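# my questions are about this predicted structure, shown below with the sequence.
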Amino acid sequence: MKKSRWWSWLWMVLGGLYFFLPLAATFLFSLRAKKGVTSFAAYIHVLSDPQFVKTFTFSVEMAALTIVAALALIVPTAVWVHVRFPRVKPLVETIALLPFVIPPIVLVFGLISLYSRPPLPIVSSPVLLIAGYVVLSLPYVFRSVDTGLRAIDLRTLVEAAQSLGSRAPTTLLRVVIPNLRAALLSAAFLTFSIVVGELTLAVMLAWPAFGPYMAQVGRNLAYEPAALSVISFLLTWGSIALMSVLTRGRGIRGTAAGGAH
Amino acid sequence: MAFLELHGVVKTFGGTIVVDSFDLDVSQGEFVSLLGGSGCGKTTTLRMIAGFETPSGGTISIDGVDVVAAPPNRRSVGMVFQHYALFPNMTAGQNVGFGLKVARRSAEEIRGRVKEMFRLIGMEGMEGRYPSQLSGGQQQRVALARALAARPRVLLLDEPLSALDAAIRARLREEIRAIQRSLGITTIYVTHDQEEALSMSDRVVVMREGRIAQVGTPLEIYNRPATPFVASFVGSLNVVPAQVVDAEAGTLSVAGQVIAGKLPAEAGRCGEVMISLRPELISISNGHPDFNQLTGTVTNVVFLGPTVRLFLRVGDSDLFLDMFNNPRLSLPALGESITVSFPRDACLTSCREDA
Amino acid sequence: MIPSRGNGEGALPARLPLRGVRRSGAGIRTWIGLVPFLLFAIAFMIAPAGSLLVGSFQGPQGGFSLTSFGRLLRPAILRSYLLTIEVSLVTALGGGLFGFLIAVGVTIGGLPRWVRTFLTTFSGVASNFAGVPLAFAFVATLGRVGLVTVLVKFLFGISLYDSGFNLYSFWGLSLTYLYFQLPLMILVMTPALDGMRREWSEACENLGASRRQYWQYVAFPILLPSLLSAVILLFGNAFGAYATAYALTGGLLNLVPILIGAQIRGDVLHDPSLGYALAVGMIVVMTLSILGYNVLQRRAVRWLS
């Protein structure tokens, strides 16, 4: 079917142009900081800005804590559901989809409204921010772990471990988690990319994160935002590419859709 | 002139030759099977007739007209796929009528023809069911009806029964053949199951590695296999090494025991020869002088229902023979030494290197 | 890789002291393992949403009242909903159409494997690229001194902004949203398109149908549930988007998420109950969207697996 091949390429090329142009434009734009000269001045300016370092570090720390919290919460739960309580799977899956029903702007509103007064005035605690981030990453981490568990036939592994005398924590640590490495790492990279660029939660909860910093730079400067955009894109690309490399050929296909809103 | 002719058909994928010098003439109304293992090129050949693959060389003509240049939707050949390929969004009736709908036939004509087809496949009244509501056997019947509804000139079937249970397979086999006979439609049937090929076809084409190994009626293929490959592919076979004793007289020796057989012309140059023997032609010795005799030890007796299979060890070789189950027969015990016999012309001999 | 139990079965005793694995009843014990997860869900998703729900039913004096929902009917608010629906619809349909065409290309359209792998990875990146960086990227591309704006002026002598185009408007925002809507569509539709069996297309051809007839009678009907569910998902995705709109247009475009954001910060006339009502309204829209997606997906899976 020669005709359909031509048609396929047409839309692919058009799509490619649409995706590529903004990236190219942003990169070229970011090189124009010095009048008439192509230079990386914008990048140098941004990278040497103490605020950049401060907010970026903060977001990376938050991302790390989010990853730990999310995995600590979801992995045991998913394993429990798979092995002990398969019938509750639909309920857990629905809960894992709730974050789609509650977009970040609504979520942060709810968190503030609930936690800015007694009995739990934790609205200014980093715990709330991290909890919010865990909610944002919940669907993706859950799906990644779930797919990973299904790919390794968890029940059989656990039964085999138990029949050899292993107790629950050992089974989890020595048998399940090593076999889930690819799924866990891919969930981690995805979470990282979601948290680092996140704006809504960070700005509303008034944290010095990377997202609000970028927004502020956008208000004040002209070329630096483009540089930040390029840096952010490279970071996201790096995370997702690593994630794809990890999940290739393992029967785990993590859909990295959605994200920073 | 034959109805369906393939001459010198060749197909290469990349650098590999998948079908090589395929020549076949099929008469109108004939049922021909392409039989072989996976990768032998039978499905590719079928797909070339259907038009889903283009031959790299050679011609294919239907009723005298070369069809290689014609796209698949213009050839008027009906195809039945291995996994039925029924359209899930349409009822069985809509599936069957699809070819006619596409040809812009009137609604009443379509309705009438669909009804006729459902009667043919014995599923009257089921036109409104969806494929997901039908069993595998029913789906395949609908697929057959769909292929036949638009009155194609040639019917092609690509291993249509391999996705079904053994019991349904046997029954559907007969039904397909009966329908084909009543319609008189030229049919090409691809299968790896030799029982299917032998029981259904007017002629069988045994294929191996892209080439035709033998073409013949089922009887010819089974009783007079042209090569050891064909012999081993169709039916069960004993293959036993033997030494040539006297090439002129045609005597051979198996584990020191002398037998007489028909030797190939070049027997002189072979040191060792392979003997192929059908298990059903070997029987527990009857002492007939014209029969060959071999003595060996019983190693296993397997009850297969209608037949009993006896395994023998003769020298360093293993043989097995099949006999009808007879409740009054007493079977030899394991380890017992018995003598078996077979007619002189029952063994097919070939040089060891040719196997 | 997966340890097989086949060989060992004969060696194991009849009843193993396997803890809980074979028990099918769901007693308290089995629910305990779920407690952390459920607590988290309640504390950080259900309770906050509930708090908004409760707040939306509270009148200015504190008692039960529907006045806040009444405020939703104010023309300014209705216009805001209309605008948000328009943006979501436009980007859902636009992203749906073009995403579908591209997805068809890399699946049944027969483009080489490497194109598909590249597209999948890139879609993963692009759908995460939303928010501030995306807004900046489009400013650098189609802003007043953006590269494409300048290029078009240079090559064709046309000034985009003089001709009425404005990045910081409905169409500019929609164009920007497409950058994450398109990839989402591609990611959601490729599995469905993979389920389109080649045999269906061949059977169609074999029965005499043209390519157009194949799409009309077989492919589109089969893909329709998936398509619809994907478009609904895209709709919801755009409806709830805040960061990109905020970063690109500030408070210019009165989208519902922007309004909610304003309420949270107390930017405009601080009217918390309006904020609650808006938030609840948004949850309703998103729930309908996810439900629609789920229902249609189940239908789609039946035919395509």
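In hand now; what should we look at?

# quick one: the helices in chain A, in order.
A:2-30, A:41-47, A:50-83, A:89-101, A:104-115, A:126-151, A:154-163, A:168-170, A:177-179, A:181-196, A:200-204, A:210-220, A:224-247 (DSSP state H).

# and C:V295, which of those helices is closest to it?
Nearest of the helices of chain A to C:V295, taken as C-beta to C-beta: helix A:89-101 at 13.4 Å. Quick note: C-beta positions are derived from backbone N, CA and C, even for glycine.

# packing partners of that closest one?
helix A:50-83, helix A:126-151, helix C:35-41, helix C:272-304 (3 or more C-beta pairs under 8 Å, 6 or more residues apart in numbering or on different chains; DSSP states H and E).

# which residues are contacting the third one?
Which is helix C:35-41. Contact with helix C:35-41 is made by A:L73, A:I74, A:P76, A:T77, A:V92, A:I95, A:L98, A:A131, A:V134, as judged by C-beta atoms under 8 Å, 6 or more residues apart in numbering or on different chains.

# wait, what's in contact with the nearest residue to the fifth one once chain neighbours are set aside?
This means A:V92. Among residues not flanking A:V92 along the chain, A:V81 sits closest, at 5.4 Å (C-beta to C-beta, 6 or more residues apart in numbering or on different chains). Applying C-beta under 8 Å, 6+ apart, one finds that A:V81 lies in contact with A:V88, A:K89, A:V92, C:G33, C:L34.

# returning to that earlier point: any idea which of the helices and strands packed on helix A:89-101 is most buried?
Stretch with highest mean neighbour count among the helices and strands packed on helix A:89-101: helix A:126-151 (a mean of 23; mean count of other C-beta atoms under 10 Å in any protein chain shown).

# chain center to it: distance?
9 Å (C-alpha atoms, centre = their mean, to the nearest Å).

# so it, near chain C or not?
Yes - judged by C-beta under 8 Å from any C-beta of the partner chain, helix A:126-151 and chain C are in contact via A:A131, A:G132, A:V134, A:V135.

# take these and write them to CSV, including pLDDT and distance to chain B.
Formatted as CSV, these follow (pLDDT from 0 to 100; distance: C-beta to the nearest C-beta, whole Å):
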residue, pLDDT, distance to chain B
A:A131, 95, 44
A:G132, 95, 43
A:V134, 96, 40
A:V135, 95, 38
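
# still on that earlier bit, pLDDT value on the residue nearest to A:V92, please?
We have a pLDDT of 89 for A:V81.

# so how far is B:S201 from it?
55 Å (C-beta to C-beta, to the nearest Å).

# okay, strands next: where are they in the stretch 101-250 of chain B?
B:154-158, B:186-191, B:203-208, B:211-216, B:238-246 (DSSP state E, counting those that start in this stretch).

# ok, which of the ones you listed comes nearest C:R265?
strand B:154-158 (66.7 Å).

# where does pLDDT dip in the chain?
Just going to use chain A. Residue ranges of chain A with pLDDT under 70: A:1-3, A:247-261.

# oops, I was thinking of chain B
Short version for chain B, where the test is pLDDT under 70: B:1, B:264-271, B:287, B:352-355.

# for chain A, what is the nearest residue in it?
Scanning chain B for the residue nearest chain A gives B:P71, at 9.4 Å (criterion: C-beta to the nearest C-beta).

# hang on, isn't that residue packed against B:G51?
Yes - counting by C-beta atoms under 8 Å, B:G51 is a contact partner of B:P71 at 6.2 Å.

# joint contacts of these two?
Going by C-beta under 8 Å, 6+ apart, residues that sit against B:P71 and also against B:G51 are C:E205.

# can you pick out the residue with more neighbours from the two?
Legend: neighbour count by other C-beta atoms under 10 Å in any protein chain shown for B:P71 and B:G51, higher for B:G51 (22 against 11).

# show me what contacts the residue nearest to that one when sequence neighbours are not counted?
Among residues not flanking B:G51 along the chain, B:P72 sits closest, at 3.4 Å (C-beta to C-beta, 6+ apart). Contacts for B:P72 (C-beta under 8 Å, 6+ apart) come out as B:A50, B:G51, B:F52, C:E202, C:E205, C:N206.

# redo that, cut-off 10 Å
B:47, B:50-53, B:79, C:202, C:204-209 (C-beta atoms under 10 Å, 6 or more residues apart in numbering or on different chains).

# please apply the same query to A:I74.
Contacts of A:I74 (C-beta under 10 Å, 6+ apart): A:92, A:96, A:134, A:137-138, A:141-142, A:144-146, A:184, A:187, C:36-37, C:40.

# cutoff 8 Å now
Counting by C-beta under 8 Å, 6+ apart, A:I74 has contacts A:L138, A:V141, A:F142, A:V145, C:F37.

# likewise A:T191?
A:A63, A:T66, A:I67, A:A70, A:Y133, A:S137, A:Y140, A:V141.

# can you pick out the most distant pair from those?
A:A63 and A:Y140 (13.4 Å).

# and A:V37, how far from B:G99?
Applying C-beta to C-beta to A:V37 and B:G99 gives a distance of 70 Å.

# higher neighbour count, those two?
Neighbour comparison, A:V37 and B:G99: the larger count goes to B:G99, with 27 against 9 (by other C-beta under 10 Å).

# which helix or which strand is home to that one?
In this structure, B:G99 is located in helix B:92-102 according to DSSP states H and E.

# quick one on the thing from earlier: tell me which of the contacts of helix C:35-41 is nearest to B:T43?
Of all the contacts of helix C:35-41, B:T43 sits closest to A:V92, with 45.0 Å by C-beta to C-beta.

# what about that closest one, neighbour count?
A:V92: 21 neighbours (other C-beta under 10 Å).

# show me the contacts for B:L6.
B:F22, B:D23, B:L24, B:D25, B:T45, B:I49, B:G58, B:T59, B:I60.

# what sits against the first one?
Contact criterion C-beta under 8 Å, 6+ apart gives B:L6, B:G8, B:V9, B:V10, B:G41, B:T45, B:G58, B:R211, B:I212 as the residues in contact with B:F22.

# what's opposite B:R211 in the beta bridge?
Note on B:R211: beta-bridge partners by DSSP bridges are B:R208.

# from C:L73, how far out is it?
Distance from B:R211 to C:L73, by C-beta to C-beta: 80 Å.

# comparing the two, which residue is more hemmed in?
Higher neighbour count among B:R211 and C:L73: B:R211, with 15 against 9, using other C-beta under 10 Å.

# wait, isn't that one in contact with B:D23?
No - applying C-beta under 8 Å, one finds B:R211 not in contact with B:D23, separated by 10.3 Å.

# how many residues are close by the spatially closest residue to C:L160 that is not a sequence neighbour?
Leaving out its chain neighbours, the residue that sits closest to C:L160 by C-beta to C-beta, 6+ apart is C:T149, at 5.1 Å. Applying other C-beta under 10 Å, we find 21 residues neighbouring C:T149.

# what about the helices in the stretch 151-300 of chain B?
Under the criterion DSSP state H, counting those that start in this stretch, the stretch 151-300 of chain B contains helices at B:166-183, B:194-200, B:218-223, B:228-233.

# I'd like the ones you listed as JSON lines, with mean neighbour count and distance to C:T287 appended.
Below are those laid out as JSON lines (neighbours: other C-beta atoms under 10 Å in any protein chain shown; distance: least, C-beta to C-beta, whole Å):
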{"stretch": "helix B:166-183", "mean neighbour count": "15", "distance to C:T287": "47"}
{"stretch": "helix B:194-200", "mean neighbour count": "19", "distance to C:T287": "55"}
{"stretch": "helix B:218-223", "mean neighbour count": "17", "distance to C:T287": "66"}
{"stretch": "helix B:228-233", "mean neighbour count": "20", "distance to C:T287": "62"}
